[in-house]
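A.B. asks: need a structure here:
(chains A and B)
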2 protein chains.
Amino acid sequence: MGFKRKLREAVALNNSLLCVGLDPDPELMPAGLSIAQFNREIIDATKDLVCAYKPNLAFFEAEGIEGLRALEETRSYIPSHIPVIGDAKRGDIGNTANKYAYALFESFGFDAATVNPYLGLDSVAPFFNYCDKGVFLLCRTSNPSARDFQDLVVDGQPLYEHVAMKAIEWNLYGNIGLVVGATYPEELSRLRELCPTMPFLIPGIGHQGGDLPEVVRRGTDKFGMQAVINSSRAVLYASAGSDFAAAARSIATISRDEINIYRPSMTEPGVE
Amino acid sequence: MGFKRKLREAVALNNSLLCVGLDPDPELMPAGLSIAQFNREIIDATKDLVCAYKPNLAFFEAEGIEGLRALEETRSYIPSHIPVIGDAKRGDIGNTANKYAYALFESFGFDAATVNPYLGLDSVAPFFNYCDKGVFLLCRTSNPSARDFQDLVVDGQPLYEHVAMKAIEWNLYGNIGLVVGATYPEELSRLRELCPTMPFLIPGIGHQGGDLPEVVRRGTDKFGMQAVINSSRAVLYASAGSDFAAAARSIATISRDEINIYRPSMTEPGVE
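C.D. replies: Next up is the predicted model:
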């Protein structure tokens, strides 16, 4: 099943736009647990509350080969009806991009991936060409230094809007989305205006401080859909003790429900 | 030993600015060889001809856990006096960038790495903070689509020049370099003018078609130094047969010697 449909069905089944980011950090995890064990408990505690999981590859790569093995275990432990977004932010020239796309979509079997646009179309097309996979292009990121380059003005518009316009132009298979940080509400509104129907992956609520009601109002489409709202640290490390999974469930429940309060309630017409 | 000094000593020892890119592709390698075996033979055949090796992580990641194990084996097989540049082009928000920097510099033990600037300073500072490591910031890449965003004009200058100017501003520890494609000679000249002493990692000769004499004249500093000129496919796949290592040696010798013909001959004053 293609990413978009799988996402839509998971959103409906769990009545949720919440994505839980899997950033397993041994320094923050309860002592004595392996990364794979930690992730399994987080998944068991939240799998009826989320529309997607987003493993962040850096946290696995930092643990070397063992970390990559934990990533494979985690990937296969996630129930098959929940889409998995490989957060890798890759970007390289064409023949290398082919290999990264293969690694993420075939070797790890992710349903979607994040990619960096700086190298232009031929660096991201190998990802787009997997028509059934989702590809989230970094557009306006959630970090403070996002301004350094993304806000530079080209022909009267910031660079990130040029990225969004290219995303529209490149979206031949309808599988492109954007990464838009929750921490910049005005930019989020502007991008939703430019791309009214495109899926947005929105990190930056919770620990990073994005204002949830504003994020939901500005980031969803007019049906209250097409936003994948990610929380990592606030869920994973809600408790540092042995009750971490129950605490994660509690925070994930609160986040999901709070998101739903602010989703537009217009009924969506039958699709797909 | 820090990257810059290690690089300088390898350049002097092997009288070479040539970097061999390790992009092991099972479809192009002689049948029956593992990635680690192939890389070992390439390294044995070229280790007296290069100033650095540059493993391209995509080619290892595409082979899953086995590929990563081959990367570790390859890394430890490279003689310790030759610097190794992990070509990973990572870029993510601060706490994630910390993990990527750790993965590349500590877990894999690379002497240098390539990073993507799109997310701004806080996404690359965790790399810069490893003062003894080299960090090559993507500036003007070698691929045809580099134009899509890198050439967009901001305040009268293309985006890639803004990246170069930030690299100068951010270079507190003197460990920043730029990735500048061999396929764009005018941009290479302009960047060398802006950054007269910064190390440039220059991919794009050989298979990608960069003009070697122009690349050397424009890309080196006034002493004929500070350019790491990368060739991957032209060396690795010089022959598809069992003589691949000898063929790689032959092409690497020709490339090194041709580069040296065009290096400025001004004697460098004593340094470090």
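
A.B. asks: Residue A:240: how many residues sit nearby?
C.D. replies: Residues contacting residue A:240 under the criterion other CB atoms under 10 Å in any protein chain shown number 12. All C-beta atoms are positioned from the backbone trio N, CA, C, and that covers glycine.

A.B. asks: Please disregard the earlier target; I meant residue A:201.
C.D. replies: A count of neighbours around residue A:201, defined by other CB under 10 Å, yields 26.

A.B. asks: any idea whether the residue nearest to residue A:246 when sequence neighbours are not counted is helix, strand or coil?
C.D. replies: The shortest distance from residue A:246 to any residue other than its chain neighbours is 6.8 Å, reached at residue A:45 (CB to CB, 6 or more residues apart in numbering or on different chains). Assigned by DSSP: H, G, I helix; E, B strand; the rest coil, the conformation of residue A:45 is helix.

A.B. asks: Can you tell me how far residue A:71 is from chain B?
C.D. replies: The span separating residue A:71 from chain B equals 9 Å under the rule CB to the nearest CB, to the nearest Å.

A.B. asks: What are the neighbouring residues in contact with that residue?
C.D. replies: By CB atoms under 8 Å, 6 or more residues apart in numbering or on different chains, the residues touching residue A:71 are A:55, A:57, A:60, A:108.

A.B. asks: 10 Å instead?
C.D. replies: Under the criterion of CB atoms under 10 Å, 6 or more residues apart in numbering or on different chains, the neighbours of residue A:71 are A:22, A:24, A:35-36, A:39, A:55-57, A:59-61, A:63, A:86, A:108, B:65.

A.B. asks: next SSE after the helix or strand it falls within?
C.D. replies: Using DSSP states H and E, the element containing residue A:71 is helix A:64-77. Towards the C-terminus, the helix or strand next in line after helix A:64-77, according to DSSP H and E, is strand A:85-90.

A.B. asks: and that following strand with strand B:85-90, angle?
C.D. replies: Compare the direction of strand A:85-90 with that of strand B:85-90 by axes from the mean of the first three to the mean of the last three CA atoms, to 10 degrees and you get 130 degrees.

A.B. asks: List the residues that contact residue A:194.
C.D. replies: In this structure, residue A:194 makes contact with A:139, A:157, A:160, A:161, A:164, A:165, A:167, A:168, A:178, judged by CB under 10 Å, 6+ apart.

A.B. asks: er, residue A:255 I mean
C.D. replies: Applying CB under 10 Å, 6+ apart to residue A:255 gives the contacts A:16-18, A:20, A:46, A:49-50, A:205-206, A:212, A:229, A:231, A:234-235.

A.B. asks: Which strand or helix spans it?
C.D. replies: With elements taken from DSSP H and E, the one containing residue A:255 is helix A:244-262.

A.B. asks: Up against chain B, what does the stretch 151-272 of chain A have?
C.D. replies: A:151-155, A:157-160, A:162-163, A:166, A:170, A:181, A:203-204, A:207-208, A:232-233 (CB under 10 Å from any CB of the partner chain).

A.B. asks: Out of the residues you listed, which sit inside strands?
C.D. replies: If you go by DSSP state E, these have A:153, A:154, A:157, A:158 in strands.

A.B. asks: circling back to that earlier point, give the buried residues for the helix holding residue A:255.
C.D. replies: A:244-245, A:247-249, A:251-256, A:259, A:262 (16 or more other CB atoms under 10 Å in any protein chain shown).

A.B. asks: again with stretch A:220-229
C.D. replies: For stretch A:220-229, a neighbour-count test (16+ other CB under 10 Å) marks A:220, A:221, A:224, A:225, A:226, A:227, A:228, A:229 as buried.

A.B. asks: Mind jotting down where the helices sit in chain A?
C.D. replies: Listed from the start of the chain, chain A has helices (DSSP state H) covering A:3-14, A:35-46, A:57-61, A:64-77, A:94-101, A:121-128, A:147-150, A:159-170, A:185-194, A:212-219, A:233-236, A:244-262.

A.B. asks: most neighbours per residue, which of those?
C.D. replies: Taking mean count of other CB atoms under 10 Å in any protein chain shown as the contact definition, the stretch among the helices of chain A with the greatest mean neighbour count is helix A:57-61, which reaches a mean of 27.

A.B. asks: and it, how far from the chain's centre?
C.D. replies: Per CA atoms, centre = their mean, to the nearest Å, the displacement of helix A:57-61 from the mean C-alpha position of its chain is 15 Å.

A.B. asks: One more: stretch A:234-242?
C.D. replies: Here the centre of stretch A:234-242 is set off from its chain's centre by 20 Å, with CA atoms, centre = their mean.

A.B. asks: The spatially most central residue of chain A pairs with what?
C.D. replies: If you average the C-alpha coordinates of chain A and look for the closest C-alpha using CA atoms, centre = their mean, you land on residue A:201, 4.5 Å from that point. Each beta-bridge partner of residue A:201 is listed here, defined by DSSP bridges: residue A:179, residue A:228.

A.B. asks: correct me, but it touches residue A:188?
C.D. replies: No - the pair residue A:201 and residue A:188 does not pass the contact test of CB atoms under 10 Å, sitting 11.8 Å apart.

A.B. asks: what's the overlap in contacts for these two?
C.D. replies: Taking CB under 10 Å, 6+ apart as the contact rule, residue A:201 and residue A:188 both touch A:139, A:178, A:180, A:181, A:219, A:227.

A.B. asks: which residues sit in contact with the nearest residue in space to the fifth one that is not next to it in sequence?
C.D. replies: Leaving aside its sequence neighbours, residue A:219 sits nearest to residue A:227 (CB to CB, 6+ apart; 4.4 Å). Going by CB under 10 Å, 6+ apart, residue A:227 touches A:11, A:17, A:19, A:51, A:177, A:180, A:182, A:188, A:192, A:199-202, A:215-216, A:218-221, A:259, A:263.

A.B. asks: same thing but 8 Å
C.D. replies: By CB under 8 Å, 6+ apart, the residues touching residue A:227 are A:17, A:199, A:200, A:202, A:215, A:216, A:219, A:220, A:221.

A.B. asks: Of the ones in strands among the residues of the stretch 151-272 of chain A next to chain B - the most surrounded one?
C.D. replies: Taking other CB under 10 Å as the neighbour criterion, residue A:158 ranks highest of those with 19 neighbours.

A.B. asks: what does the model give that residue for pLDDT?
C.D. replies: In the predicted model, residue A:158 carries a pLDDT score of 98.

A.B. asks: What about the nearest residue to it once chain neighbours are set aside, how many residues nearby?
C.D. replies: In space, residue A:158 comes closest to residue A:151 once its chain neighbours are excluded; the distance is 4.9 Å by CB to CB, 6+ apart. For residue A:151, the neighbour count with other CB under 10 Å is 16.
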